[in-house]
Each structure stands twice: as structure tokens, then as C-alpha cells.
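Novice: Starting from these lines, generate the structure:
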Amino acid sequence: MTDHVQQTTPPRRPSRLARWRQSDLWWSFTHKPSAIIGAVILTFLIVTAFSAPLIAPQNPFDPAQLELWNSELPPIWEADGQWPYVLGTDTQGRDMLSAILYGSRISILIGVASVVLSLAVGLSLGLVAGYFGRFIDNLLMRIGDVLLSIPTILIAILVSAVARQMLPPELRDVGSAAVLVLAITLSAWVQYARTVRAQTIVERGKEYVQAARLLKTPARRIMLKHILPNTLTPILVAATLNFGMAILTEATLSFLGIGMPPSQPSLGTLIRLGNQFLFSGVWWVVLFPVVQLCLLVVSVNLLGDWLRDALNPKLR
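Specialist: Below you'll find the predicted structure:
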């Protein structure tokens, strides 16, 4: 007699996309209208900003494309509006739609760079302070307290003054973005460091960390492989909210004249340049950059609020 063994195919493992769509995080996102609205607006703003060379009528950074006889044209729906200047032009003949798209790209890049650099510094110093404690912990936290006591504007002025003395004149405008990123980072890394330090102190006393120490596991491996993954949830929420704050801080510094130059205007620079014409009838020069900045910051904050609620175990 021949035995027939019926072979069964093992069930296929769901893909990452399928597991993501079945997760609690995706469910909470699809059931929170404000998060969906924020994601749609932010995606649209980012895509249009980085597609500026393809969709913008002109390059606002190229003086050869600026036409003074087309200056102060109103939006296209006004009586004197002209195509293709949909949102009008400024006093230099610069198309406002193009300036806003290119300016948004600069603001977003500065915000992303500030958050990434702040994360790198804050995570590293927070892990070290929380894991080793004692003198290192006290030193790093006192440095953080000092930096928190100094307003970001004053830090930006100090960094800008030092950079202007160190950089040659032809590189000062090019280095403006780096100065802004450094100034925002000096103020923002402390929040990440404190959050990671608190989480690290909690994780340091748990059994799995003590067991790794008994096995003579290097401290660097313990911090990066065992402790760091358990600190990422609050850090992710803080990074999302701080992204919008970094964009707003850059706009504030540029509005005060210590940020991006007029030759490479961010949204804050555009608002500063158009503010003086607000009551002279050329209202669109300042209104549309303000609206773009508000949409950008509000959409990021909507996503940050959703992420904070979704990852909060007390609200589940």
C-alpha cells in the first residue's frame, strides 16, 4: 500500500503594506479627518515646492528673467491681472507664484535639515547622559539649560555675526541657510536630549540591560541596539511637531533680516520684503506668502497632533 502524503503550502506572510494597513496606527489615521486633511495639504505643498522648476512660470532667483515693466501686477482675477502671473508680481517683476514655490522649498529644506541635525545631536547626548549619568549627565543637562535660557533669535544673531566674520563676502549669502540650521539646532536639540535621557534612565534599570552588562556587551551596542529603539516613540512625535516649529522659526528670523537674503528668499524673506507694501495697495505681495506659511505649519501640526494621540497608550 502506498501512503499518499498530502502536502500543504504554508500561508504566505503578509507584505509590509498589508501589515501597515492592518495596524492600529493606520486605523487611527483613517478615522481622524484632521490628520487626513493635514496629510493631503502637506503632500500637495511639498510636491509643488519641489516641482517648482517644472511648474513655475519663471525662476525668481535669475535676474535675467525679471521684467520691471511687469512689476506690481495684481492677481489674474483682478482687472489688471495678466497671464501667466496668476498670483501677481512684486515690485521687482518677480512672479509671486514662482517666488512662493521656490521659497517654500528653501523653508522646507531648512526645516528638515534642522530637525535631522537636532535629532542626531539630541539622541546622541541624551543616550550618553542617561546611560552614564553622574558628571556627564550634569554637564550636558546644564549646558542644555543655558541654551534654553537664550532665545533662538539671540542665538541666530550670535551665530550669524560669527559666520559673517569667518566667511568671505561672496560666501555669506550662500552660507545663510547653514547659519539658520545651526541656530535652530542649538535651541532644539535640548528637547530631544531631555526626552531620550529620561527614557534611557528608565530602560537602564531594566533586567535586559543589566543582563547585557553582565555579558560584557559594549556600552555603545547597549545604547544603540537595546535602549534607543524604546525611546523613538516620543521622539517621533516631538520631531514632527518641531518640524513645523523649525519652519516658523526660520520664517521669523528671515522676517527680522537675519535669515535668508533677498537673492534667495524663503517664505519669511518674502513676507519681510512685501510687508512694507501692505498698505500701498500691493497686498498680494505679502498675503500669499503668509497663507502659504500658515498652511505649511498648520498641516504639519495636524499630523503631529494625530501622531501624539495615536502613539499615546493612555488614549488607546
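Novice: For the stretch 1-150 of the chain, which segments count as helices?
Specialist: 16-21, 24-30, 33-50, 52-55, 96-132, 134-148 (DSSP state H, counting those that start in this stretch).
Novice: I'd like these as a markdown table, with mean neighbour count, mean pLDDT and distance to Ser299 appended.
Specialist: In this view, the C-beta of every residue, glycine as well, is placed from N, C-alpha and C. Below are the helices of the stretch 1-150 of the chain laid out as a markdown table (neighbours: other Cβ atoms under 10 Å; pLDDT from 0 to 100; distance: least, Cβ to Cβ, whole Å):
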| stretch | mean neighbour count | mean pLDDT | distance to Ser299 |
| --- | --- | --- | --- |
| helix 16-21 | 10 | 64 | 21 |
| helix 24-30 | 13 | 77 | 14 |
| helix 33-50 | 16 | 92 | 4 |
| helix 52-55 | 12 | 88 | 18 |
| helix 96-132 | 23 | 91 | 11 |
| helix 134-148 | 13 | 88 | 27 |
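Novice: wait, which of those helices is closest to Leu270?
Specialist: Leu270 sits nearest to helix 96-132 of all the helices of the stretch 1-150 of the chain, at 5.2 Å, using Cβ to Cβ.
Novice: and the closest one, how far from the chain's centre?
Specialist: On the basis of Cα atoms, centre = their mean, to the nearest Å, helix 96-132 is displaced by 5 Å from the centre of the chain it belongs to.
Novice: Can you work out which other helices and strands pack against that helix?
Specialist: helix 33-50, helix 52-55, helix 134-148, helix 176-204, helix 232-255, helix 267-275, helix 284-310 (3 or more Cβ pairs under 8 Å, 6 or more residues apart in numbering; DSSP states H and E).
Novice: Quick check: which of the ones you listed is buried the most?
Specialist: Of the helices and strands packed on helix 96-132, the one with the most neighbours on average (mean count of other Cβ atoms under 10 Å) is helix 267-275, at a mean of 25.
Novice: Please name the residues that touch Leu45.
Specialist: Ser104, Ile108, Gln292, Leu295, Leu296, Ser299 (Cβ atoms under 8 Å, 6 or more residues apart in numbering).
Novice: er, Arg94 actually
Specialist: If you count contacts by Cβ under 8 Å, 6+ apart, then Arg94 has Gln58, Pro60, Leu66 around it.
Novice: low-scoring stretches of this protein, by residue?
Specialist: Low-confidence segments of the chain (pLDDT under 70): 1-22, 169-174, 312-316.
Novice: Report the central residue of it.
Specialist: In the chain, the centroid-proximal residue (Cα atoms, centre = their mean) is Phe243; its distance is 2.9 Å.
Novice: For that residue, give its distance to Gln191.
Specialist: 13 Å (Cβ to Cβ, to the nearest Å).
Novice: what's the answer for Thr200, then?
Specialist: 15 Å.
Novice: want to throw the contacts of Leu45 into a markdown table with distance to Ile227?
Specialist: Listed next are the contacts of Leu45 as a markdown table, based on distance: Cβ to Cβ, whole Å:
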| residue | distance to Ile227 |
| --- | --- |
| Ser104 | 37 |
| Ile108 | 31 |
| Gln292 | 40 |
| Leu295 | 38 |
| Leu296 | 34 |
| Ser299 | 33 |
